[in-house]
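K.L.:
next input, structure requested:
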Amino acid sequence: MSRSPSLCAVVLAAGESSRMGRDKALLPWPPIQEPGKPLHVQTFLGAQIELLRQYSEMVVVVGGKNSDNISPVVYSAGAFLIRNPAPERGQFSSLQLGMQEVLNRGRDAAIVALVDRPPALPATVHLLDQAFRDSLTHGFWAVVPQYEGRHGHPVLVSREMITAFLAAPTTATARDVEHAHQQRISYIAVSDPLVTANIDTPADYAQLPRA
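P.N.:
Sure, this is the predicted structure:
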């Protein structure tokens with residue numbers, strides 16, 4: 001029997017951005033600011049929240065040592081902030097905290113995005129949202145976008161996949177869990193290069209407008 005999932009968006013934003021030299025959550029996005037649009041929205045984090053809130057009942061941001069710096073953006077955008085007390089354990093620790101928060105808030109599915117990637121195109125997220133709802137009737141636990149053979153974000157996960165993430169050891173990675181349940185994942189081809197645009201360095205960021 002199909003069910004309508006109660007989606008909670010989770011943005012992982014606890015990284016230290018050491019290679020970038022500044023917090024990637026606060027990088028301007030789009031690179032050319034749009035007149036009349038609130039400045040807090042025009043950052044990687046703010047734009048990600050603004051996009052995902054259209055497809056979810058709430059947005060939770062997982063911060064780390066940068067929590068005080070990103071909190072104005074989070075709260076101005078109407079999202080919730082939780083702090084990873086030990087972000088040095090890696091991104092998977094933030095994912096597990098985010099997944100537990102989804103369940104704590106009474107939701108049974110999540111759409112997960114990384115703050116070090118610019119937001120996907122709205123049409124892409126709409127496609128993924130529809131594919132996720134359709135996939136539940138076929139026993140899938142997650143929907144992952146795929147651009148030119150590469151897997152990207154955001155990903156949508158059901159309660160079953162959330163449970164699998166939480167049951168994994170803290171030394172695991174999201175990829176480990178994905179591989180263990182690969183037959184339960186639906187990979188959706190998209191024409192949006194932003195889903196795989198990983199921004200680690202100033203050079204990566206400088207190339208984004210041209211891309």
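
K.L.:
surely residue 143 is within a strand?
P.N.:
Yes: applying DSSP: H, G, I helix; E, B strand; the rest coil, one finds residue 143 inside a strand.

K.L.:
that one contacts residue 134, correct?
P.N.:
No: using CB atoms under 8 Å, residue 143 makes no contact with residue 134, being 9.0 Å away. C-beta coordinates here come from the backbone N, C-alpha and C atoms, glycine included.

K.L.:
got the contact list for the spatially most central residue of the chain?
P.N.:
The residue lying closest to the centre of the chain (CA atoms, centre = their mean) is residue 113, at 0.8 Å. By CB atoms under 8 Å, 6 or more residues apart in numbering, the contact set of residue 113 is 9-12, 48, 52, 119-120, 153-154.

K.L.:
pick the one among the residues you listed closest to residue 161.
P.N.:
residue 10 (12.4 Å; CB to CB).

K.L.:
for the closest one, phi and psi?
P.N.:
Phi and psi for residue 10, reported as degrees, to the nearest 10, are phi -130, psi 120.

K.L.:
list the contacts of it.
P.N.:
Applying CB under 8 Å, 6+ apart, the residues near residue 10 are 59-62, 95, 98-99, 101-102, 110-113.

K.L.:
for it, which non-adjacent residue is closest in space?
P.N.:
Using CB to CB, 6 or more residues apart in numbering and skipping residues adjacent in sequence, the residue nearest residue 10 is residue 98, 3.8 Å away.

K.L.:
picking that back up, where does the residue nearest to the centre of the chain sit: helix, strand or coil?
P.N.:
strand.

K.L.:
what about residue 111, how many neighbours?
P.N.:
26 (other CB atoms under 10 Å).

K.L.:
chain center to the helix or strand of the chain with the lowest mean pLDDT: distance?
P.N.:
Within the chain, no helix or strand scores below helix 202-207, which has a mean of 85 by mean pLDDT, DSSP states H and E. Taking CA atoms, centre = their mean, to the nearest Å, one finds the center of helix 202-207 at 20 Å from the center of the full chain.

K.L.:
check stretch 158-174 too.
P.N.:
With CA atoms, centre = their mean, you get 15 Å for stretch 158-174.

K.L.:
ok, back up a step: mind checking pLDDT for the residue nearest to the centre of the chain?
P.N.:
Note for residue 113: predicted pLDDT of 97.
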